[in-house]
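Asker: When you get a sec, could you give me coordinates for this:
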Amino acid sequence: MTTKHQKIDGELLSRYIDNDLKEEELEEFEADLADNEEAQKDLASLQQTLNLIGQLSEIQAPETFAPKIRQKVRRIRSKRRNENINSSFIGHYGIWVGMVISILVLLYLMMQLATLN
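Answerer: Below you'll find the predicted structure:
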């Protein structure tokens with residue numbers, strides 16, 4: 001017996017838990033879920049995980065946490081900017097070198113043609 005079922009994946013399970021399915025999607029999901037033991041286990045596991053996360057107590061980050069993160073982000077951005085500048089310089093340099101070599105090859109070929117005549 002073959003029936004048309006939608007694939008129940010993590011995204012669909014999350015949308016179901018978040019009540020983010022349209023009415024027809026919800027009906028199809030629940031019908032498919034009833035026939036899919038693996039998806040039922042996945043849903044129960046996801047719900048259990050969310051319940052456990054909800055039980056966690058909030059912790060306070062150290063006062064130095066945010067400044068350290070900002071400093072690291074600035075350092076990474078600066079490094080990437082420098083890499084982009086270097087790579088664009090090399091890219092432009094490579095184009096110019098290629099053009100010069102092409103011109104030299106053309107001049108050489110023209111000189112060879114001139115000596116044949």
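Asker: Tell me the spacing between Ile59 and Leu52.
Answerer: Using C-beta to C-beta, to the nearest Å, one gets 16 Å for the distance from Ile59 to Leu52. For glycine as for every other residue, the C-beta is placed from the backbone atoms N, C-alpha and C.
Asker: between those two, who's got more neighbours?
Answerer: Between Ile59 and Leu52, Leu52 has the larger neighbour count (other C-beta atoms under 10 Å), namely 9 against 5.
Asker: Figure out the helix or strand that that one lives in.
Answerer: In this assignment (DSSP states H and E), Leu52 forms part of helix 37-55.
Asker: Residues touching that helix, excluding its own?
Answerer: For helix 37-55, the surrounding residues in contact (C-beta atoms under 8 Å, 6 or more residues apart in numbering) are 8, 10, 13-14, 16-17, 32-33.
Asker: is it possible to export those to a markdown table including neighbour count and pLDDT?
Answerer: Conversion of the contacts of helix 37-55 to a markdown table gives the following (neighbours: other C-beta atoms under 10 Å; pLDDT from 0 to 100):
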| residue | neighbour count | pLDDT |
| --- | --- | --- |
| Ile8 | 19 | 84 |
| Gly10 | 9 | 85 |
| Leu13 | 18 | 92 |
| Ser14 | 12 | 91 |
| Tyr16 | 20 | 93 |
| Ile17 | 13 | 93 |
| Asp32 | 17 | 91 |
| Leu33 | 19 | 92 |
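Asker: Let me have those in a markdown table, adding distance to Ile95 and secondary structure as columns.
Answerer: Converted to a markdown table, those look like this (distance: C-beta to C-beta, whole Å; DSSP: H, G, I helix; E, B strand; the rest coil):
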| residue | distance to Ile95 | secondary structure |
| --- | --- | --- |
| Ile8 | 52 | coil |
| Gly10 | 46 | helix |
| Leu13 | 51 | helix |
| Ser14 | 48 | helix |
| Tyr16 | 54 | helix |
| Ile17 | 53 | helix |
| Asp32 | 56 | helix |
| Leu33 | 58 | helix |
